[in-house]
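> Fold the following, please.
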Amino acid sequence: MHIYLHIPFCKQACYYCDFHFSTFLSQKETVVEAICQEIRLQKNYLKDSNISTVYFGGGTPSILDESSLEAIFSTLHQTFTILPKAEITLEANPDDISVEKLAIFKKFGINRLSIGIQSFHEPHLKQMNRAHNAQEAENCVKLAQDTGIDNITIDLIYAIPAPNHQILYSDLAKVEALNLQHVSAYCLTIEPQTVFGKWTKQGKMPNIDDDFSAEQFSILTENLERMGYEQYEISNFARNQHYSKHNTSYWKQEEYLGIGPSAHSFNGFSRQYNIANNTKYVKQIEAGLIPATLEVLSKEDQINEYLLTGLRTIWGCKIDYLDSILGSSFLDLQKIYLQPILQAGHLEIDQHTLKLTQAGKLFADRIASDLFVEE
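Sure thing, here's the model as predicted:
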C-alpha cells in the first residue's frame, strides 16, 4: 500500500505549472495540522495498513521545517505501519537544499529525493520563473550525494522553445556528469490558466512545435539510453532498476491513499478527489469530514485507466487482467481498433501483453484513447 501527501505551498509560482499550490505561506502550519488530522480520518481507507512507499509531492514539500515534518511523520507512524524498507520520497527545490535540511530529511527516514531542476540553462530557469539558478541546480545534487543520499532523481523539462537543440544537449551532459540514478523528463505543456498560457494567447510566446518536441524526445531517449538509463515509463528513466516504486504503483493500478488539498486516492474500485482549496479543505477537516468527491469506477473506467497508464510502461498492459475486468476477450472486442495501430508499427502484442513500440511512445495517449472501451 502507498501514501501520497500533497504539500500545497510554493515560494513563487512557476510560469508553466497548473498544479494546486499557494504562495501564502502563513497558512502552512494550519494546513499541516489538517493534513495530520486527515491521516487519522483516513486510517481505514486502505485494506492493509502496511505502507511500502510514502511520497511528499506538491507544491514544494522541501519548504517544510523540522516541526512540520515531525508532526506528519509522527502521525503516519501512529496510524500506519511504515515498512522498514519503505521508499520515502520528498520533492525538493534546489534552493531549499542545504546541509542542515538534508540532515532533517535523513532524520525522518526520507531516503529518496526528487529534485525539481527542470533545466541547467540560466535563461530557461528565469523564463520559467524558477526560484533557483543554474549553479544551485548542480550544487544541490552534489551536496545531497555528499551527505549520503544516494537515491536521487531530477526533473527536466524539454521542448522549451529554442532555435536549436544545443541547450538540451548541454542539460544532458550535466546529467551524465552528475551520475544520477533516475531522471524524469517532461515535455513542456502550455496550460491555459498559467502565465505561459496567457503569454501564448497574447502572442508573447510561441506555441510548442510538435516536430521540435518529437526531435527533442528522440535526442533525450537516445542519449539517456547511451548513458545506461532504461526508459521504463515514457517520461521516466532509471539506471540499474532504480525505478520509482511509488509512481510505479500508480501505473500498475495498486491502491494508494492521497492526503492533502487536491490529492487523489484509489482503492481498486473507486477514486477520491480532495478539494483543491486550502481554506475549504481545512474547514472540512476541522469539522471531522473528509473533503473528497467519490467516483465509483465502472469496469470500462478501470480498463481505460489501465490502458492510459500501463501502455506508458515497459510492462505494458496484461491481456489477462483486461479480460478479467471486461468478462470477455478484450482483443476480440477491440480488434477493429487494434489493427491499424499494429499495422502502423506503434504497438506490439503477444498472447500475454500489449506494449508500445518506441515509435508508438510519441502517440501513447492517443493510442490508449483509441482502445478505450465504451459503456
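> Show the residue spans covered by the helices in the stretch 101-250 of the chain.
Under the criterion DSSP state H, counting those that start in this stretch, the stretch 101-250 of the chain contains helices at 122-127, 134-146, 166-178, 195-202, 210-226, 245-251.
> care to break the protein down by domain?
Under the assignment automatic domain parsing, the domains of the chain span 2-250, 299-370.
> what's the first-to-last distance across the last one?
Taking C-alpha to C-alpha, to the nearest Å as the measure, domain 299-370 stretches 17 Å from start to finish.
> Make 69 the first number, not 1, from now on.
Will do, 69 is the new start, and the previous item becomes domain 367-438.
> about what we covered before: of all the domains of the chain, which lies closest to Val350?
For the domains of the chain, proximity to Val350 was assessed by C-beta to C-beta; domain 70-318 is nearest, at 4.6 Å. Every residue, glycine included, has its C-beta placed from N, CA and C.
> Can you give me the end-to-end span of that closest one?
By C-alpha to C-alpha, the extent of domain 70-318 from end to end equals 9 Å.
> same deal with stretch 425-442?
Span of stretch 425-442 from end to end, C-alpha to C-alpha: 25 Å.
> picking up where we left off before, out of the helices of the stretch 169-318 of the chain, which gets nearest to His332?
Nearest to His332, of all the helices of the stretch 169-318 of the chain, is helix 313-319, at 9.4 Å by C-beta to C-beta.
> Contacts for the closest one, please.
70, 72, 120-123, 155, 157, 300-301, 304, 324, 334, 377-378, 380-381, 383 (C-beta atoms under 8 Å, 6 or more residues apart in numbering).
> if we go to 10 Å?
69-72, 120-123, 125, 153-157, 180, 182, 221, 252, 300-301, 303-304, 306, 311-312, 322-324, 332, 334, 373-374, 376-381, 383 (C-beta atoms under 10 Å, 6 or more residues apart in numbering).
> Now list the buried members of those residues.
For the contacts of helix 313-319, a burial check counting by 16 or more other C-beta atoms under 10 Å picks out 69-72, 120-123, 125, 154-157, 180, 182, 221, 252, 300-301, 303-304, 306, 311-312, 322-324, 332, 334, 373-374, 376-381.
> Report the contact partners of the closest residue to Thr289 other than its chain neighbours.
Residue nearest to Thr289 in three dimensions, not counting chain neighbours: Gln299, with 5.8 Å by C-beta to C-beta, 6 or more residues apart in numbering. Taking C-beta under 10 Å, 6+ apart, we find Gln299 in contact with 251, 253, 288-289, 292-293, 305-306, 381-382, 426, 429.
> can you check Glu322 too?
With C-beta under 10 Å, 6+ apart, Glu322 has these contacts: 69-70, 120-121, 313-314, 316, 334, 336.
> Quick check: the farthest pair among the residues you listed?
Checking the contacts of Glu322 with C-beta to C-beta, the most distant pair is Lys313 and Gly336, at 18.4 Å.
> who's more crowded, the two?
A direct count of neighbours by other C-beta atoms under 10 Å for Lys313 and Gly336 places Lys313 higher, at 17 against 12.
> any idea how far the more buried one is from His420?
Using C-beta to C-beta, to the nearest Å, Lys313 is found at 23 Å from His420.
> Just give me the residue closest to the centre of this structure.
The geometric centre of the chain, computed from its C-alpha atoms, lies nearest to Asn315 (C-alpha atoms, centre = their mean), at 6.5 Å.
> Which residues outside stretch 90-97 are in contact with it?
75-81, 99, 102, 127-128, 131-133, 135-136, 139, 329, 345-347, 350.
> From those, list just the buried residues.
The buried subset of these - by 16+ other C-beta under 10 Å - is 75-78, 99, 102, 127-128, 131-132, 136, 139, 329, 345-346, 350.
> Okay, and which of these map to strands?
Ile75 (DSSP state E).
> among the buried ones among the contacts of stretch 90-97, which two are most distant?
Ala139 and Asn345 (21.7 Å).
> quick one on the thing from earlier: out of the contacts of Glu322, the closest to Ala412 would be?
Nearest member of the contacts of Glu322 to Ala412, counting by C-beta to C-beta, is Thr316, at 27.8 Å.
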